[in-house]
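Asker: sequence and predicted structure, then a few things I'm wondering about:
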Amino acid sequence: MDDKISQRFISEEFRKTTEHSSSKSKLLYYLDIRKRSFLGKLGVGLAAYLVCFNAAVFYWKGSDHPLNNFMWRIKKANGTLSKELLEKERVLKEYYESRLNVESKGPKPWLTSIYD
């Protein structure tokens, strides 16, 4: 009797997808986002983008690049960043600040070929 009550709350679609099937179809049932809300799709898409972007930066630039902010901030707080990496951070910071400051009279890092 208790088994019939618990069976009643399982959706018919879930029962169809999991009946005599592998764990792959169960996983696909839970990952099916066609029926989910727009905010859920947006959240899943944003999370997937962030994970893929950070993985690509990690493999492309390496673990010692400033875009890998998580480990970079930990190393900087502990004082374990090398002088070379601190110089790299300073150069990148100056580059981005000079791009934002249009009124600066100094040479623009992205136009160095003009000044040479």
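Answerer: Arrived safely, thanks for sending.

Asker: and for Cys52, the neighbour number?
Answerer: 10 (other CB atoms under 10 Å). (C-beta placed from N, C-alpha, C; glycine too.)

Asker: report the secondary structure state of it.
Answerer: Here Cys52 is recorded as helix under DSSP: H, G, I helix; E, B strand; the rest coil.

Asker: measure it to Leu46 for me?
Answerer: Taking CB to CB, to the nearest Å as the measure, Cys52 falls 11 Å from Leu46.

Asker: so which bits of stretch 43-53 are buried?
Answerer: Using 16 or more other CB atoms under 10 Å as the test for burial, stretch 43-53 gives no buried residues.

Asker: alpha carbons only: can I get that stretch in CSV?
Answerer: As requested, the backbone C-alpha atoms of stretch 43-53 are provided in CSV (Å, rounded to 0.1, in the frame of the first residue of the first chain):
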residue,chain,number,x,y,z
GLY,A,43,21.5,30.7,-15.4
VAL,A,44,22.7,27.4,-16.9
GLY,A,45,24.0,29.2,-20.0
LEU,A,46,25.9,31.7,-18.0
ALA,A,47,27.4,29.1,-15.7
ALA,A,48,28.5,27.0,-18.7
TYR,A,49,30.0,30.1,-20.4
LEU,A,50,32.0,31.0,-17.3
VAL,A,51,33.3,27.5,-16.8
CYS,A,52,34.3,27.2,-20.5
PHE,A,53,35.9,30.7,-20.6
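
Asker: any idea of the mean pLDDT in it?
Answerer: Stretch 43-53 carries an average pLDDT of 88.

Asker: likewise for stretch 85-97?
Answerer: The average pLDDT within stretch 85-97 is 83.

Asker: over to stretch 57-69?
Answerer: Rounded mean pLDDT across stretch 57-69 is 74.

Asker: and the end-to-end length of it?
Answerer: Across stretch 57-69, the terminal residues are separated by 11 Å (CA to CA, to the nearest Å).

Asker: how does the chain divide into domains?
Answerer: 1-32, 36-61, 63-116 (automatic domain parsing).
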